[in-house]
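Peer 1: Build the 3D model from these lines:
(one chain, ligands or ions: 2)
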Amino acid sequence: MSRIQLFDTTLRDGEQSPGVNLNAVEKLQIARQLERLGMDILEVGFPAASHGDFLGVQQIANTLKNCSVTGLARAKESDIRTAYEALKGGIDPRIHVFIATSEIHLKHKLRMSRQEVLEAVKYHVELCRELFPKVQFSAEDATRTDYVFLAQVAEIAIQAGAEVINIPDTVGYTNPVEYGRLFHYLRQHVPSFEKAIFSCHCHDDLGMAVANSLAAIENGARQVEGTMNGIGERAGNAALEEIAVALHIRQDHYGTPSRMKLNEIAKTSTLVSRLTGMAVPRNKAIVGANAFAHESGIHQDGVLKEVTTYEIISPELVGVTNNSLVLGKHSGRHAFINRMELLGYELDEQEIEKTFKAFKSLTDTKKEITDADLHALVAGGKASY
Ligand code: KIV
Ligand code: ZN
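Peer 2: Ligands and ions are numbered 1, 2, ... in the order given. Model (predicted):
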């Protein structure tokens, strides 16, 4: 069974989130944890962007020993040579070179013809190949690029020595059916498709980054790019923890596991959130505070009888030590009694009746009932301990 490569860009595309600015120590701390999490490739910066970025990339490349470290470069000789200086000390250095390929970008940003772009791809990928053992090429704005031209660009990049061809949905424009079809198209129309690893890279502007990535995997992508907690430019990148858990839970469907150590997810998510200052929404899949919390009485009752009734992922799988049945106005007797027992109370029928009634009236004034509230209820009703 072939394993999907995880390309993490938390420290490059993720750091491009408005308001995020990590210092070198913080970047190294996150990089080490991402390595422990089992990422195959870490993209840790854009060395030509600033001297600080250069030093940060260099330090991480020289430190990590269990994953490949890469940095971004435009199809520009000075960017590529600067990236080489930053990355050359790594155990498995890789350059990630890109140029835009859509008409919109060619006309308004690059002011280049298609022919000039093809020549630039060939020239710069060949230069990368002289310097680096591994070259990844990205066709920026691939999903808004003419398919015939995109296939031509990919073929030229492979012929020039790129081992990985990335097909980014730069502006989060595509949808799963369309992105899947694009990979299918490339598989049929790039003569050297099988000689390279095709990679997907999705942004979340329309909320489809993870679904799009999974569609690409179903259609031949062998590398998936994204970030921890889905942070990144604008609405963010595909959340890699969601993809890895989806591949694990739905192995029956995808048949493509990853190397991610799932039980390191919670710790990694917390670290990234704390150091970037980007709060994780409570309801976010996998790492949100409510991801394993059941509030409704029917769900709580089901989970207490048999956990798989309402839980497809065990919290322990992703490193969360306990699931929380949040007690609130929808909670029923079963969840209430269970929590009281966990808190060490042995209540007889009468005491249960009394405290449960008090608990229910408290839920009219308070959204979430804490353990301290329950202790107070018992003390107020003078129930036995
Ligand atoms: O979204 C994008 O197109 C990128 C490329 C530089 C790969 O981040
Ligand atoms: Zn991106």
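Peer 1: What segments of the stretch 201-350 of the chain are strands?
Peer 2: Taking DSSP state E, counting those that start in this stretch, the strands of the stretch 201-350 of the chain run over residues 223-226.
Peer 1: Show me the helices in it, by range?
Peer 2: Taking DSSP state H, counting those that start in this stretch to define them, one finds helices in the stretch 201-350 of the chain at 209-218, 240-249, 251-254, 265-276, 297-305, 333-342, 349-363.
Peer 1: need the helix or strand of the protein with the lowest average pLDDT.
Peer 2: helix 371-381 (a mean of 81; mean pLDDT, DSSP states H and E).
Peer 1: what's that helix in contact with?
Peer 2: 327, 339-340, 343, 345, 351, 354-355, 358-359, 362, 366, 385 (Cβ atoms under 8 Å, 6 or more residues apart in numbering). All C-beta atoms are positioned from the backbone trio N, CA, C, and that covers glycine.
Peer 1: you'd agree residue 121 is up against residue 75?
Peer 2: Yes. Counting by Cβ atoms under 8 Å, residue 121 does reach residue 75; the two are 6.8 Å apart.
Peer 1: Same list (the helices of the stretch 201-350 of the chain) but as TSV, adding mean pLDDT and distance to residue 66.
Peer 2: Below are the helices of the stretch 201-350 of the chain laid out as TSV (pLDDT from 0 to 100; distance: least, Cβ to Cβ, whole Å):
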stretch	mean pLDDT	distance to residue 66
helix 209-218	98	23
helix 240-249	98	17
helix 251-254	97	24
helix 265-276	94	15
helix 297-305	93	37
helix 333-342	86	39
helix 349-363	93	49
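Peer 1: What pLDDT does the model give the closest residue to ligand 1 within the stretch 201-350 of the chain?
Peer 2: The nearest approach of the stretch 201-350 of the chain to ligand 1 comes at residue 201, 5.4 Å away (Cβ to the nearest ligand atom). Per-residue pLDDT puts residue 201 at 98.
Peer 1: Could you double-check that it sits in contact with residue 172?
Peer 2: No. Using Cβ under 8 Å, residue 201 is not in contact with residue 172; the gap is 10.7 Å.
Peer 1: Look at the two and report which has more neighbours.
Peer 2: Ranked by neighbour count (other Cβ atoms under 10 Å), residue 201 and residue 172 place residue 201 first, with 27 against 23.
Peer 1: if I pick the more buried one, what's in contact with it?
Peer 2: So residue 201 contacts 7, 9, 138, 166-170, 225-226, 237-238 (Cβ under 8 Å, 6+ apart).
Peer 1: Can you give me the neighbour number for residue 137?
Peer 2: Counted with other Cβ under 10 Å, residue 137 comes out at 28.
Peer 1: contact partners of stretch 18-25?
Peer 2: By Cβ under 8 Å, 6+ apart, stretch 18-25 touches 11, 14-15, 30, 52, 55-56, 59, 231, 275-278.
Peer 1: hmm, 7 Å instead?
Peer 2: 15, 55-56, 59, 275-278 (Cβ atoms under 7 Å, 6 or more residues apart in numbering).
Peer 1: which of the residues you listed come close to ligand 1?
Peer 2: Near ligand 1, judged by Cβ under 6 Å from any ligand atom, there are no entries from the contacts of stretch 18-25.
Peer 1: Quick one: name the residues of this protein near ligand 1.
Peer 2: Residues of the chain lying near ligand 1 (Cβ under 6 Å from any ligand atom): 13, 72, 98, 138, 140, 166, 168, 170, 201, 203.
Peer 1: give me the number of residues near the fifth one?
Peer 2: By the measure other Cβ under 10 Å, the count of residues near residue 140 is 21.
Peer 1: wait, isn't it in contact with residue 104?
Peer 2: No. Using Cβ atoms under 7 Å, residue 140 is not in contact with residue 104; the gap is 10.7 Å.
Peer 1: What's the end-to-end length of stretch 183-195?
Peer 2: 15 Å (Cα to Cα, to the nearest Å).
Peer 1: quick one, what contacts residue 211?
Peer 2: residue 176.
Peer 1: try residue 242
Peer 2: 210, 285-286.
Peer 1: do the same with residue 78
Peer 2: residue 48.
Peer 1: do you know how far it is from ligand 1?
Peer 2: 17 Å (Cβ to the nearest ligand atom, to the nearest Å).
Peer 1: which element follows the helix or strand hosting that residue toward the C-terminus?
Peer 2: Taking DSSP states H and E as the definition, residue 78 sits inside helix 77-87. Remark: after helix 77-87, the chain's next helix or strand is strand 94-100, criterion DSSP H and E.
Peer 1: what is the mean pLDDT for that next one?
Peer 2: Strand 94-100 comes out at a mean pLDDT of 98.
Peer 1: Show me what that strand is packed up against.
Peer 2: The contact analysis (3 or more Cβ pairs under 7 Å, 6 or more residues apart in numbering; DSSP states H and E) places strand 94-100 against strand 68-74, helix 77-87, helix 114-131, strand 134-140.
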